[in-house]
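> Quick one, fold the following:
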Amino acid sequence: MMEISPLVTNLEKDSIHLDLDVRRELKRLAELLTETAPGLLDEPRWLAAARDLSCALPTALRTALRNFSADSGQAGVLRIHGLPVGPLPPTPTQRDSVERTATVPASAIVLCTMVLGEVVGFEGEKHGALVQNVVPVPGEERKQSNAGSVDLEMHTENAFHPYRPDFVALSCLRQDLDGEAGLRVASLRRAVRLLSAEQREVLAEPRFRTDPPPSFNGAGDAVAHGVLSGAPEDPDAQVDFHATTPLDAGATGAMAALREALEAVVDTVYFAPGDLAIVDNRVALHGRTPFTPRYDGNDRWLHRVFIHTDSRRSRARRSGGGHVVS
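Residues are numbered from 1 along each chain as shown. Have a look, this model is predicted:
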């Protein structure tokens with residue numbers, strides 16, 4: 001088994017705590033990146049600088065990220081504690097809130113995720129921004145979206161899309177004051193063991209449909225697909241329990257069994273500022289517990305980043321070879 005440098009301490013099964021030296025170096029690199037012209041997160045020159053600087057991350061942190069990219073393990077999620085946050089303005093409350101200017105927290109999450117692959121945005125989601133704010137929005141409390149505050153159904157991120165993210169990264173700038181909001185993560189690798197061979201066979205057949213939201217303008221065609229795909233012993237997931245519809249009675253029963261199996265293995269992560277959770281979107285589903293926003297400037301605030309491990313695969317859907325997928 002590979003030795004972990006003492007620069008990363010308290011290594012748990014799916015969680016690492018950065019020690020003081022690593023935190024300082026990550027903050028230094030993030031600050032350097034904020035000073036890199038033109039200081040805009042979506043600009044090619046800035047992204048090139050971020051890619052270069054990600055290679056300078058402390059070895060132990062870079063190694064942990066690279067190993068997770070190669071094999072996300074049974075949990076399908078990696079938690080890292082100790083990212084820089086710094087003084088914050090009030091939590092945004094506007095719809096489709098994103099980060100365009102390079103701040104230290106936004107730079108830090110980009111540095112970490114660049115080790116996994118290339119950061120991408122989706123044209124139909126928050127105007128293709130690469131670093132998005134996950135914040136509660138007044139009037140959208142009951143929506144099944146990142147702007148809502150009701151229980152968010154378990155889902156594969158952008159399950160409808162042929163080029164959905166390989167990884168979804170969420171970093172916490174501010175937790176809700178009551179500590180109610182939790183990231184729920186359920187590993188398919190654990191859940192499939194609870195399914196019968198017949199149920200797994202049904203779930204792998206094209207007997208389900210996942211509709212895209214209107215904002216994507218048909219970016220993902222609502223064609224029949226399997227909820228499970230790939231290696232039968234270690235399948236990938238493609239399901240959103242809010243947007244995926246089983247097309248017959250047998251599919252309905254199998255999907256209900258999958259939901260029950262996922263609930264049996266779900267883990268809830270409660271963030272603290274400086275925490276980063278990276279979810280393998282291929283083998284783990286995620287959701288959120290309900291919480292009560294106050295809209296007083298101190299509400300929950302996460303940054304969200306999507307990652308492709310093979311950006312060439314989506315080249316035909318990225319205008320000019322950029323980072324935004326149509």
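> for the residue nearest to D14 when sequence neighbours are not counted, what are its contacts?
Using Cβ to Cβ, 6 or more residues apart in numbering and skipping residues adjacent in sequence, the residue nearest D14 is A75, 4.5 Å away. Just so you know, the C-beta spots here come from the backbone N, C-alpha and C atoms, and that holds for glycine as well. A75 sits next to K13, D14, V185, S187, R190, D267, A284 when contact means Cβ atoms under 8 Å, 6 or more residues apart in numbering.
> Highest neighbour count among those residues?
A284 (29 neighbours; other Cβ atoms under 10 Å).
> any idea how far the residue nearest to it when sequence neighbours are not counted is from S187?
Leaving aside its chain neighbours, A284 sits nearest to G76 (3.1 Å; criterion: Cβ to Cβ, 6+ apart). Separation of G76 from S187 (Cβ to Cβ, to the nearest Å) stands at 5 Å.
> Could you do D151 as well?
With Cβ to Cβ as the criterion, D151 and S187 are 20 Å apart.
> Tell me where the stretch 201-326 of the chain is predicted with low confidence.
Residue ranges of the stretch 201-326 of the chain with pLDDT under 70: 214-215, 217-221.
> which phi and psi does the residue lying farthest from the centre of the chain have?
For the chain, the largest distance from the centre (Cα atoms, centre = their mean) belongs to A249, which lies 31.8 Å off. Main-chain dihedrals, A249, degrees, to the nearest 10: phi -60, psi -40.
> T245 now?
The phi/psi pair for T245 (degrees, to the nearest 10) is phi -120, psi 120.
> Wait, it touches F208, no?
Yes: counting by Cβ atoms under 8 Å, T245 touches F208, with 6.7 Å between them.
> Show me which of those two is the more surrounded one.
Remark: of T245 and F208, F208 carries more neighbours, 24 against 15, as counted by other Cβ under 10 Å.
> For the more buried one, name its beta-bridge partners.
F208 forms beta bridges with H225, P246, as assigned by DSSP bridges.
> which residues touch it?
So F208 contacts A224, H225, G226, V227, V239, T244, T245, P246, L247, A251, M255 (Cβ under 8 Å, 6+ apart).
> thought the fourth one was touching L258?
Yes: A contact is recorded between V227 and L258 when judged using Cβ under 8 Å, the distance being 6.7 Å.
> what touches both of these two?
L203, V239.
> what domains does the record give for the protein?
Annotated domains of the chain cover 11-149+159-182+271-325, 190-261 [automatic domain parsing].
> hey, which of those is tucked in deepest?
domain 11-149+159-182+271-325 (a mean of 19; mean count of other Cβ atoms under 10 Å).
> Can you classify H161 as helix, strand or coil?
Applying DSSP: H, G, I helix; E, B strand; the rest coil to H161 yields a three-state assignment of coil.
> do you know how far it is from A129?
Taken as Cβ to Cβ, the span from H161 to A129 is 16 Å.
> Also R66?
In terms of Cβ to Cβ, R66 sits 26 Å off from A129.
> Next: E141.
E141 sits at a distance of 23 Å from A129 (criterion: Cβ to Cβ).
> just G182 next, same as before
25 Å.
> what do you get for E99?
Taken as Cβ to Cβ, the span from E99 to A129 is 7 Å.
> Quick check: neighbours shared by those two?
L41.
> Confirm H303 sits in a helix?
No: going by three-state DSSP, the assignment for H303 is strand, not a helix.
> residues in contact with the closest residue to it other than its chain neighbours?
Distances taken as Cβ to Cβ, 6+ apart put S171 closest to H303, at 4.7 Å, once the chain neighbours are dropped. S171 makes contact with L83, P105, A108, I109, G274, D275, L276, A277, L302, H303, according to Cβ under 8 Å, 6+ apart.
> Let me know the pLDDT of the second one.
Listed pLDDT for P105 reads 98.
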